[in-house]
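Novice: below are the sequence and a predicted model for it; my questions follow.
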Amino acid sequence: MRIINLELQAFGPFLNRIHIDFEKIGKNGLFLISGQTGAGKTTIFDAIAYALYGKSSGGFRDEKMLRFAAATPDIETFVDLEFEYRDEIYRIFRVPKYQRYKKSGEGTTENGTKRVSLYLPNGDVINDQTEVDKFIVDLIGVDINQFTQIVMLAQGNFMKLLKSSNDDKEKLFRDIFFTQKYQQLELDIKLKYSEFNKKRENAKTQYDELISNFDFTENQQEQFVDIKNRSLNEVIEFISNINTELKCKIQKLDEEIGNISDKIDEKKILIEKITFYFDIKSKIEENKEALKSIKEKFEKIKEEYSTLKEKEIDKDNIKTEILTLESELKRFEKLNTIIAEKEKINSEIEGLKKNLDRGKGKQQEFVTTKNQIEDFLEENAKAEIELNKVQNKISINNEKTEKFNELSSLIEQRKTLEKNKVSLLEEFENIKSDKEIKQKIYEDTDERYFNSIVGILAKDLNENDPCPVCGSIHHPNKAHFTDEMVEKSDVDRSKKDYQLSKDKFDNQRNKLVELEHSLNFNKKDIEKIVKLLNLGDISKLDISIKELNNEKIELDRVNNKLKDILEEIEEKAKDKKLVDEKIEEITKKINLIDKTIIEKSTTIDNLEKQRIDEVEALGNRDEAKISKQLEEKNDLFEKLKTYIEDIRKEYDQINSNYNKYVNNLELYNNQLDERYNLNITLEKDKLDALNIQIGSKRTQFTDFNANLQNNNKQLDKLISLSSEIEEIDRLYYNYQELNNVLSGQLRSLEKISFESFVQMKYLDEILIESNKRFYKMTDGKYSLLRKEEADNLSSKFGLELEVYDHHNVQKRNINTLSGGESFQAALSLALGLSDVIQMQKGGIKLNSMFVDEGFGTLDNETLSKVMSILSNISQYNKLIGIISHVETLKEQIDNKIIVEKTNEGYSKLIQQM
C-alpha cells in the first residue's frame with residue numbers, strides 16, 4: 001500500500017484544511033516530519049490510521065476528541081485519504097462523531113452520526129461503516145494493531161518490545177499474531193480435564209451408593225467387605241452368585257407352598273361338606289315340625305272351601321237386583337237434570353233481555369254525540385285556510401325582524417371597530433419608534449464587531465504573509481487593532497432585540513390593515529340591508545322595529561287561536577270515528593242478543609216435552625225408597641265377595657305350604673350323606689395349622705423375591721456404571737496428559753505453554769529478520785538471541801531476549817547494552833517484526849513506513865548507521881517518514897514536512913521538497 005494524498009481539516013491540532021501530496025515526495029526514499037513537541041507530527045500518521053480503520057493509531061484517544069476544540073460550527077472535521085494498492089487507486093473519506101459549539105445559543109452539541117465513503121477503482125462507492133471497515137481489513141490484510149506495528153515504528157513501542165518481560169511479550173504477540181486461539185485450546189483442554197475429573201468423582205459416589213443398596217445376609221455381608229474394593233468384575237461376579245443362590249431358594253419355597261396349598265384346598269372342601277350335612281339334617285327336622293302344625297288347619301279350610309259354589313250363586317243374584325235398581329234411579333236423575341236445565345235457561349233469557357234494553361240506550365247516546373260532532377266540524381271547515389294566511393304573514397314579519405336586528409348589530413360593530421382603530425394607531429406609533437432605535441443599536445454593534453475581528457487578523461499580519469481573508473501578501477492599508485473589543489455574543493444579543501422589535505412592528509401593522517378591511521366590509525353590509533328594507537331614513541330604525549313587534553304580537557295571538565281550533569277539529573274527527581265504531585259494535589250485539597233469546601226459547605219448549613215423558617214413565621215410584629234398597633244390596637254384595645276371596649286365598653296358601661314341606665322332606669332326605677357326619681371343630685383346627693404354615697413360607701418367598709429383584713436392579717445399574725467408569729477413566733487420563741503437555745506442567749520439561757511455544761517460533765522468525773540489520777548496524781559485533789533456558793522450572797520463559805557478543809564470544813543480558821545500542825537493537829527488532837507480519841499475511845504490500853522519535857539519543861556515528869539502514873530499506877520501493885526534531889536530520893534529508901504551532905493555538909503545515 002502506498003500513500004498518494006492526505007487531506008484533513010479541524011483534526012487534532014490542525015484547524016484549517018491541510019493537504020499533503022506524497023506523490024511529490026516520491027515512491028521511495030526518506031522524508032522528514034519535523035516540528036515542536038505537540039505541534040502534530042504524529043497526528044499525520046493518526047489521520048492515515050483513522051481514515052483506514054476509523055480509529056486513531058494509539059487506539060486510546062476518544063473519537064470525539066479528534067476534532068480541533070476551537071473550530072467554529074461551520075468548519076467540518078474530516079480526513080480524506082487517497083492510496084494505491086496493487087496498482088489500483090482507492091480513496092476513503094471519514095467524518096468522526098464530535099462535539100462542536102452550537103450555531104446559536106451557548107454550549108456544545110453533537111454533529112450527529114459519523115460518516116464514511118470508500119471510492120473503489122471501478123467507480124462504486126461504499127457508505128456503510130461496517131462494510132467499509134471489513135473491506136479495508138480484507139484488502140490490506142491487516143487490522144489496525146498489525147498496521148501500527150508494521151507502518152508506525154514508535155520508539156516507546158519497539159523499545160518496550162526489546163526489554164519487556166515474558167508475560168508482556170506474550171500479550172503483545174497475542175494481539176499481533178492472534179495466538180489467543182492456542183490459549184483458548186489450552187483452556188478448552190483444561191476445562192475437559194476438570195470436567196472428567198468431576199465425572200470420576202461423581203461415578204465413585206454413585207458406585208458407593210449402589211453397593212450400599214444390595215441385600216445380603218450377615219455372612220454374605222462379611223464376605224463382601226473384602227470383595228467390594230477389588231475390581232468391578234469381581235464385585236459383579238460375587239453379586240451374580242448370591243442372586244443364583246436366591247433363585248434356588250425361591251424355587252424350593254414355591255414348590256413347598258404349592259403342596260401346602262393343595263392340602264388346604266382339600267381340607268376346605270371337606271369342611272364345606274360336613275357343614276352341608278348338618279345344615280340338611282337341621283332343615284329336615286324343621287320341615288317335619290311345620291308339616292305337623294299345618295295339617296290341622298288344612299282339614300278345617302277344606303270344609304269351608306266346599307261351600308263357595310253356593311255363595312257364588314247368591315252373589316250373582318244380588319248383582320242382578322242392584323242393576324235393576326240403578327236403572328230406575330238413572331231415570332230420576334235425568335228428570336232432575338231436565339228441570340234444572342230449564343230453570344237455568346229461563347234465568348239466562350231474563351238476563352239477555354236486560355242487556356238488550358241497556359244496549360239500545362247506549363246506541364241512542366252515541367247517535368246523539370255523533371250529530372253534535374258533525375255540527376262542530378261543519379262550523380269550522382275554513383279554519384285551516386285562515387291559519388295558512390296568518391302563518392305567511394308571520395314569516396314575512398320574521399324576515400323583516402331578522403334584517404332589522406342584523407342592521408342594529410352591524411351599526412354597533414362599526415362603533416367598536418372605529419374605537420379600536422384609534423387605540424391601535426397610538427400603539428403603532430410607539431412600537432415604530434422602538435424598532436428604529438433598536439435597529440440603529442444593532443447596526444452600530446455589528447460594525448464595531450467586524451472592525452474588532454479585522455483588527456485582530458491585521459495585528460500579526462506581516463508583509464509577504466498571505467492574508468487569511470483575501471490571500472494578498474501586500475498590506476498597504478491594514479486595519480487598526482483597538483482595545484475596545486466587541487464580542488460576538490453582543491452582536492447576537494442586539495440582533496435578537498432588534499428582530500423582536502421588528503416582529504412586533506410587523507404584527508401591529510398587520511392588525512391595522514386587517515381592521516381597515518373589517519370597516520370596509522361593515523359599511524357595505526349596512527348599505528345592502530338599508531336598500532333591501534327600503535329605509536329612507538336610518539334614524540327611524542327604532543320606530544320601524546317597534547311597529548313590527550306589535551304586528552307580530554297580534555299575528556301570534558290569532559295563530560295560536562287557529563291552532564287550538566285545528567287541534568280540536570283533529571280530536572273531534574278522531575272522536576267521530578270512535579263513535580261510529582261504537583254504534584256499529586252495539587248494533588251487532590243487539591242483533592246477537594235477539595237471536596240468542598229466540599234460540600233459548602226453542603230449547604225450553606223441547607225440555608218441557610222431555611220432562612212430561614219421564615214423569616209418565618216413572619208413574620208413582622219413590623226415589624228415596626229405591627236409593628235405600630240399592631245401598632243395602634250393595635253392602636250385602638261386598639261382604640259376600642270379600643268372604644269368598646278370603647276363603648279362597650287362605651285355602652291356596654295353606655295348600656301351597658303343605659305341598660312345599662312334603663317336597664322339601666323328600667329332597668333333603670335324598671341329599672343327606674352319612675359319610676360326612678364328622679367332628680367339624682377338629683377339621684377346622686387342622687386347616688388353621690396349614691394356613692399358618694403356608695403364611696410363613698409365603699413371607700420367606702416374598703422377602704427372597706424382593707431381595708432378588710433389588711439385587712438384579714442394582715446389578716444392572718452397576719454393570720452400566722462399570723462401562724461409564726471405564727470410558728470416563730480413559731478420557732480422564734487422555735485429557736490429563738494433554739493438559740500437562742499444553743500447559744507446560746510436565747516435571748521433566750521447562751514450563752512452556754502451547755501458546756508460548758507458538759509465540760517462540762514467531763519470535764525466532766522476527767530475530768532472523770532483525771539480526772540482518774542489527775548485525776550490520778553494530779559492525780558485526782552483536783546479534784539478538786532468544787533465551788532458551790528458564791531461570792527455574794516454576795517460571796514461564798521463552799520470549800525473553802539476550803544479546804550475543806561476537807567480539808567476546810559470549811551471551812550478555814539485554815540490559816547491558818548502551819542507550820545507542822539499545823536503540824539500534826529496538827529499531828532492528830521493530831523492522832524484523834514488520835517484515836514477519838507482512839510475510840505471515842501472504843506477502844502484503846505496505847510501501848509506506850513511519851519511524852517516530854528516538855534519534856536524539858544517538859551519536860553521529862550511530863545515527864549515520866541507522867540512517868544508512870533505513871535508506872537502504874527505502875530503496876526497495878518503500879517511502880519511509882522519520883518523525884523527529886533532530887536538527888542533523890534536517891540537513892541530511894531533503895524532503896521535509898514541517899509543522900508549526902501558531903499563536904492562535906492551532907498548528908499549520910509547511911511542506912518542503
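Specialist: Alright, I've got the coordinates. Model, not experiment: these values are computed from the prediction.

Novice: what sits against Asp279?
Specialist: By Cβ atoms under 8 Å, 6 or more residues apart in numbering, Asp279 lies in contact with nothing. Glycine gets a C-beta too; all of them are placed from N, C-alpha and C.

Novice: what helix or strand is it located in?
Specialist: Assessed by DSSP states H and E, Asp279 sits inside helix 232-305.

Novice: same check on Val851?
Specialist: strand 848-852.

Novice: and the helix or strand just after that strand, what does it pack against?
Specialist: Toward the C-terminus, strand 848-852 is succeeded by helix 860-874 as the next helix or strand (DSSP H and E). Judged by 3 or more Cβ pairs under 8 Å, 6 or more residues apart in numbering; DSSP states H and E, helix 860-874 is in contact with strand 29-35, helix 754-777, helix 819-840, strand 879-883, helix 887-892.

Novice: now distance to Tyr207 too, for these, in JSON lines please.
Specialist: Putting these into JSON lines (distance: least, Cβ to Cβ, whole Å) gives the following:
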{"stretch": "strand 29-35", "distance to Tyr207": "74"}
{"stretch": "helix 754-777", "distance to Tyr207": "35"}
{"stretch": "helix 819-840", "distance to Tyr207": "52"}
{"stretch": "strand 879-883", "distance to Tyr207": "71"}
{"stretch": "helix 887-892", "distance to Tyr207": "78"}
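
Novice: in a markdown table, list these along with mean neighbour count, mean pLDDT and distance to Leu424.
Specialist: Listed next are the helices and strands packed on helix 860-874 as a markdown table, based on neighbours: other Cβ atoms under 10 Å; pLDDT from 0 to 100; distance: least, Cβ to Cβ, whole Å:
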| stretch | mean neighbour count | mean pLDDT | distance to Leu424 |
| --- | --- | --- | --- |
| strand 29-35 | 22 | 86 | 68 |
| helix 754-777 | 19 | 84 | 89 |
| helix 819-840 | 22 | 80 | 83 |
| strand 879-883 | 22 | 85 | 74 |
| helix 887-892 | 13 | 81 | 78 |
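
Novice: and those: which comes nearest Lys563?
Specialist: Lys563 sits nearest to strand 29-35 of all the helices and strands packed on helix 860-874, at 109.6 Å, using Cβ to Cβ.

Novice: mind listing what that closest one pairs with, with the direction of each?
Specialist: strand 879-883 (parallel), strand 896-901 (parallel) (DSSP bridges).

Novice: format those strands as CSV; extra columns: distance to Tyr735.
Specialist: Converted to CSV, those look like this (distance: least, Cβ to Cβ, whole Å):
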stretch, distance to Tyr735
strand 879-883, 50
strand 896-901, 59
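
Novice: Glu186 is in contact with Leu742, isn't it?
Specialist: Yes. Shown here, Glu186 and Leu742 form a contact pair, counting by Cβ atoms under 8 Å, at 4.8 Å.

Novice: shared neighbours, those two?
Specialist: Joint contacts of Glu186 and Leu742 (Cβ under 8 Å, 6+ apart) are Ser753, Phe754.

Novice: what pLDDT does Asn691 get?
Specialist: Predicted confidence (pLDDT) for Asn691: 90.

Novice: also Asp265?
Specialist: Model confidence at Asp265 (pLDDT) stands at 90.

Novice: just give me the neighbour total for it.
Specialist: 10 (other Cβ atoms under 10 Å).

Novice: could you look up the SS state of Glu84?
Specialist: strand (DSSP: H, G, I helix; E, B strand; the rest coil).

Novice: residues in contact with it?
Specialist: Met1, Arg2, Ile4, Tyr90.

Novice: count of residues packed around the closest residue to the second one other than its chain neighbours?
Specialist: Distances taken as Cβ to Cβ, 6 or more residues apart in numbering put Asn847 closest to Arg2, at 4.1 Å, once the chain neighbours are dropped. The burial count assigned to Asn847 is 19, neighbours taken as other Cβ under 10 Å.

Novice: so which bits of stretch 368-386 are buried?
Specialist: Lys370, Ile373, Ala383, Glu386 (16 or more other Cβ atoms under 10 Å).

Novice: er, stretch 5-19 I mean
Specialist: Buried-residue list, stretch 5-19, by 16+ other Cβ under 10 Å: 5-16, 18.

Novice: check stretch 79-87 too.
Specialist: Val79, Asp80, Leu81, Glu82, Phe83, Glu84, Tyr85.

Novice: among those, which one lies nearest to Asn712?
Specialist: Tyr85 (76.1 Å).

Novice: the residue nearest to the closest one when sequence neighbours are not counted and Val151: what is the separation?
Specialist: Spatial nearest neighbour of Tyr85, chain neighbours left out: Met1 (4.7 Å); criterion: Cβ to Cβ, 6+ apart. Distance, Met1 to Val151, by Cβ to Cβ, to the nearest Å: 8 Å.

Novice: ok, back up a step: mind putting the buried residues of stretch 5-19 into a markdown table with distance to Lys502?
Specialist: Output for the buried residues of stretch 5-19, formatted as a markdown table (distance: Cβ to Cβ, whole Å):
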| residue | distance to Lys502 |
| --- | --- |
| Asn5 | 49 |
| Leu6 | 48 |
| Glu7 | 43 |
| Leu8 | 42 |
| Gln9 | 37 |
| Ala10 | 35 |
| Phe11 | 41 |
| Gly12 | 43 |
| Pro13 | 43 |
| Phe14 | 41 |
| Leu15 | 36 |
| Asn16 | 37 |
| Ile18 | 43 |
